[in-house]
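Novice: Fold the stuff below for me.
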Amino acid sequence: MVLSEFFELVQFLFVVTFTTFLFNCVEYDVLFANRVINHTGQSPLGPLDRNKVTLPDAILPGEQCTERSVCPWIIFLLIMAAIFWVYRLVKVICNVLRYWEIRQFYKKALKIQMDELCNFTWQEVQGRLIHLQREQPMCVQKRELSELDIYHRILRFKNYTVAMINKSLLPVRLRVPFFSDMIFLTQGLKYNFELILFWGPLSLFQNKWSLHPKYKRAANRQELAKQLSRIILLTGLVNLLLCPFVLVWQVLYAFFSYAEVIKREPGSLGARRWSLYGRLYLRHFNELDHELQGRLGRGYKPAAKYMNAFVSPLLAVLAKNVAFFSGSVLAVLIALTVYDEDVLTVQHILTAITVLGLVITITRSFIPDEHMVWCPEQLLQCVLAHIHYMPDHWKGNANKSETRDEMAQLFQYKAVFILEELLSPIITPFILIFPLRSKSLEIIDFFRNFTVDVAGVGDICSFAQMDIRHHGNPQWMSEGQTEASVYQQAENGKTELSLMHFTIKNPRWQPPRESSVFISHLKEKVHQDAQTGPSPQLLLSEAPLCTSLLSNESATGVSHALSCVPLMSASDSRLLSQSYSALASEFASAEMSLHAIYMHEVHQQKTQHASGPFQASVPMRELSTNSGESFESSHA
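Specialist: Down below sits the predicted model:
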């Protein structure tokens, strides 16, 4: 961790220094041979060698380089870069001190040596922490810490962010003229959200564990909303002022980071990655970073296979012909360079070879695999087994281009990610100044209505308690067990799926009574359906296509669970006896995959067989006042 932060400082220093050198210390007329250099002296290779341009010829002496650097704009930019670097240096020093404390805590309190730490699982570290609280209380407010208490401390702010994404409170969905709605969430925009809400000097939290008391009172909500609106406006104006400098930095950093990769592997831009919005939309409440990364990593191949299943016959024909013509020219150029390397000295020959290679790589991405089988519904079901969330209208519409486009918002091209990060300095200020400011009152109401104080933990998002009674959704198997209004319900079954995920990941955790009733009811229903329905082995034997889909590397856990354990055996004793082993982790992931598929199927049945129309989600602006006060009283 220390080494990573140290090299971030070195990278910033290198980018600024190297860019300044390229602008002021290189004579490009000489480098491009636009100006002849008269070499003096005799060369042992003859007169032709004296006409060759060397790198030292194109580099200016130190005096001329310094004279060129004496420019008001360059000096101003260097001063800004130096101020930012010093700020980062101070922050790194503070972090190093914190890391040293963490290191000492692991060594002395948890009895874990640094050379052994990489071999420990999170469950083992967590178990030692719970045991330490019993032997030597670190938290004085309560005698014992539960697994949920530890997760709350680590994920306090992330749980708030996941809840705001779930309730569509953060303005990440933009309406672009002549295009459909677009999701825009970048690292810079996310940084500004967290700066305004959580840890900035004018944020809603007075420290790392406590919301400022004034935001917990409903009496002055209008005044607080106006104050928050001014803070957002100020932050947006600062972003607008710094936009040119941040944009220059983004362009330079992207160039130094990706130029060589694109030259070496042009197809890397066509690779996909889980978007930042996707990571928040698909994240369970109380899911640690490594748990989320592992789950989405297992879902990468099924998601890529689903996205690649959509092909255009017209584009495929065009791509094959463009690839043929480009490949023919490239083959001739390569053959000529093999015959005589002097061909490389011809002007723009390397450029032509590079561009042709890039064109071939791009066109091949439009050519479908000749062995591909068109089965979008099964592929999307495999994706759901790992990502656990998908909109209701995706069911039965996996072959629609609209579904693929929405999936692309969660699973985007790397090229789209790079483009969004480059545009972020320009777009972020306007998102802050306009859409986010208009939601100031809703944000104030959200933090007042959905913040609870937990002894020994501090203020947390009430959604993170995974309380079925207060935040359950009747359409997600919690009917008759929840008292939540539409405003209080988590969308897309977030409460129910998060509770199931946390219970499986932490089998020793004792959930509250309402949550225990929900889990028991779910287990009973699962076992009843498993006993009345055909066995998993029979289903697989009658569906060779499903077998082939579930037996790939990305779905190993699911196929193993189907063939090795009873369907949905949540109380399997092997999970308890081997809870710290890799095998138990694999079975837990497979079990959660099956639970997610099952809960989605039951939800679809409830939605389809409902007597009336499904109750749609209501904007928080319309419900934040009345439902919020009733929720406060019921939660109290």
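
Novice: burial of Trp249, as a residue count?
Specialist: Close neighbours of Trp249, defined as other C-beta atoms under 10 Å, add up to 20. The way it works is simple: take the backbone N, C-alpha and C, and place the C-beta from them, glycine included.

Novice: Equivalent analysis for Lys214, please.
Specialist: With neighbours defined by other C-beta under 10 Å, the count for Lys214 comes to 15.

Novice: Make sure it is actually in contact with Leu224.
Specialist: Yes: counting by C-beta atoms under 8 Å, Leu224 is a contact partner of Lys214 at 6.6 Å.

Novice: All the strands of the protein, residue numbers only.
Specialist: Assigned by DSSP state E, the strands in the chain fall at 173-174, 182-183, 272-274, 411-413, 451-454, 458-461.

Novice: Compile these into TSV and extend it with columns for distance to Thr361, mean pLDDT and mean neighbour count.
Specialist: As requested, the strands of the chain are exported to TSV (distance: least, C-beta to C-beta, whole Å; pLDDT from 0 to 100; neighbours: other C-beta atoms under 10 Å):
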stretch	distance to Thr361	mean pLDDT	mean neighbour count
strand 173-174	31	91	14
strand 182-183	26	93	16
strand 272-274	15	95	18
strand 411-413	13	94	20
strand 451-454	50	95	17
strand 458-461	45	96	22
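
Novice: now those strands as CSV including distance to Lys167?
Specialist: Formatted as CSV, the strands of the chain follow (distance: least, C-beta to C-beta, whole Å):
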stretch, distance to Lys167
strand 173-174, 13
strand 182-183, 16
strand 272-274, 21
strand 411-413, 23
strand 451-454, 14
strand 458-461, 11
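
Novice: Tell me which of those lies nearest to Ser516.
Specialist: Distances from Ser516 to each of the strands of the chain were compared by C-beta to C-beta, and the smallest falls on strand 451-454, at 18.6 Å.

Novice: List the pairing partners of that closest one within its sheet, with orientation.
Specialist: Using DSSP bridges, the neighbouring strands of strand 451-454 in the sheet come out as strand 458-461 (antiparallel).

Novice: State the pLDDT value of the closest residue to Phe285 other than its chain neighbours.
Specialist: Of all residues not flanking Phe285 in the chain, Ser498 sits nearest, at 4.0 Å (C-beta to C-beta, 6 or more residues apart in numbering). In the predicted model, Ser498 carries a pLDDT score of 97.

Novice: Ser498 contacts Leu292, doesn't it?
Specialist: No: shown here, Ser498 and Leu292 do not form a contact pair, counting by C-beta under 8 Å, at 11.9 Å.

Novice: in this protein, which helix has the most residues?
Specialist: Of all the segments assigned as helix in the chain under DSSP state H, the longest by residue count is helix 221-264.

Novice: what residue ranges in the protein are flagged as low confidence?
Specialist: Residues of the chain that meet the criterion pLDDT under 70 lie in 38-51, 533-583, 610-636.

Novice: Same drill for Ser498 and Leu292, tell me which one is more crowded.
Specialist: When neighbours are counted by other C-beta under 10 Å, Ser498 and Leu292 differ, and Ser498 comes out ahead with 24 against 17.

Novice: show me where the stretch 451-600 of the chain has helices.
Specialist: Listed in chain order, the helices of the stretch 451-600 of the chain (DSSP state H, counting those that start in this stretch) span residues 468-471, 494-505, 513-532, 536-541, 544-550, 556-564, 573-577, 582-608.

Novice: Can you give the contact residues for the second one?
Specialist: Outside helix 494-505, the residues that touch it by C-beta atoms under 8 Å, 6 or more residues apart in numbering are 147-148, 151, 162, 166, 284-287, 291, 388-389, 463, 466-468, 471-473, 476-478, 489, 509, 511, 515, 518-519, 522, 570, 575, 588, 591-592, 595-596, 599.

Novice: quick one: stretch 69-77 to chain centroid distance?
Specialist: Relative to the centre of its chain, stretch 69-77 is centred 38 Å away, using C-alpha atoms, centre = their mean, to the nearest Å.

Novice: What of stretch 262-275?
Specialist: In this view, stretch 262-275 has its centroid 17 Å away from the chain centroid, taken as C-alpha atoms, centre = their mean.

Novice: Same question for that stretch: list its buried residues.
Specialist: 262, 266, 269, 272, 274-275 (16 or more other C-beta atoms under 10 Å).

Novice: for those residues, which one is nearest Val332?
Specialist: Distance from Val332 was checked for each of those by C-beta to C-beta. The minimum falls on Pro266, at 19.7 Å.

Novice: That closest one and Thr363 touch, don't they?
Specialist: No: distance between Pro266 and Thr363: 10.8 Å, which falls outside the contact criterion (C-beta under 8 Å).

Novice: For the residue nearest to Phe285, give its distance to Lys414.
Specialist: Here the criterion is C-beta to C-beta, to the nearest Å. By it, Ser498 lies 29 Å from Lys414.

Novice: And for Glu479?
Specialist: When distance is defined by C-beta to C-beta, Glu479 is 42 Å away from Lys414.

Novice: Show me which of these two is the more surrounded one.
Specialist: In terms of neighbours (other C-beta under 10 Å), Lys414 is the more surrounded of Glu479 and Lys414; the figures are 15 against 11.

Novice: Skipping its backbone neighbours, what lies nearest the more buried one in space?
Specialist: Distances taken as C-beta to C-beta, 6+ apart place Ala271 nearest to Lys414, at 5.1 Å, with adjacent residues excluded.

Novice: repeat for Lys216
Specialist: Residue nearest to Lys216 in three dimensions, not counting chain neighbours: Arg448, with 5.8 Å by C-beta to C-beta, 6+ apart.

Novice: What is the burial count for the one you found?
Specialist: Residues contacting Arg448 under the criterion other C-beta under 10 Å number 22.

Novice: Likewise for Leu211?
Specialist: Neighbouring residues of Leu211 were enumerated by other C-beta under 10 Å; the total is 21.

Novice: Over to Pro435?
Specialist: The number of residues packed around Pro435, counting by other C-beta under 10 Å, is 16.

Novice: Same question for the one 5 residues further on.
Specialist: For Ser440, the count of nearby residues is 20 (other C-beta under 10 Å).

Novice: Do I have it right that it meets Glu223?
Specialist: No: with contact defined as C-beta under 8 Å, Ser440 does not count as touching Glu223 (11.0 Å).

Novice: Now stretch 104-124: buried residues?
Specialist: Buried residues in stretch 104-124, counted by 16+ other C-beta under 10 Å: 106, 110, 112, 123.

Novice: In helices only, show me the residues you listed.
Specialist: For the buried residues of stretch 104-124, the ones inside helices are Gln123, with DSSP H as the criterion.

Novice: So for Leu330, what's the nearest residue that isn't a sequence neighbour?
Specialist: On the basis of C-beta to C-beta, 6+ apart, the spatially nearest residue to Leu330 that is not a chain neighbour turns out to be Leu356, at 4.3 Å.

Novice: about what we covered before: just the buried ones among the contacts of helix 494-505, please.
Specialist: Neighbour counting by 16+ other C-beta under 10 Å classes 147-148, 151, 162, 166, 284-287, 291, 388-389, 463, 466-468, 471-473, 476-478, 489, 511, 515, 518-519, 522, 570, 575, 588, 591-592, 595-596, 599 among these as buried.

Novice: ok, and the closest non-adjacent residue to Leu350?
Specialist: Leu344 (6.4 Å).

Novice: quick one on the thing from earlier: verify the stated contact: the residue nearest to Lys414 with Val416.
Specialist: No: here Ala271 lies out of contact with Val416, judged by C-beta under 8 Å, at a distance of 11.0 Å.

Novice: residues contacting the closest residue to Trp85 other than its chain neighbours?
Specialist: Taking C-beta to C-beta, 6+ apart as the measure, Trp85 lies nearest to Phe12, with 5.9 Å between them; neighbours along the chain are not counted. Taking C-beta under 8 Å, 6+ apart as the contact definition, Phe12 lies against 81, 84-85, 88.

Novice: Point out the ones among those that are inside helices.
Specialist: Among these, the subset assigned to helices under DSSP H consists of 81, 84-85, 88.

Novice: Now distance to Val322 and neighbour count too, for those residues, in a markdown table please.
Specialist: As requested, the ones in helices among the contacts of Phe12 are arranged in a markdown table below (distance: C-beta to C-beta, whole Å; neighbours: other C-beta atoms under 10 Å):
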| residue | distance to Val322 | neighbour count |
| --- | --- | --- |
| Ala81 | 43 | 20 |
| Phe84 | 45 | 15 |
| Trp85 | 46 | 14 |
| Arg88 | 46 | 15 |
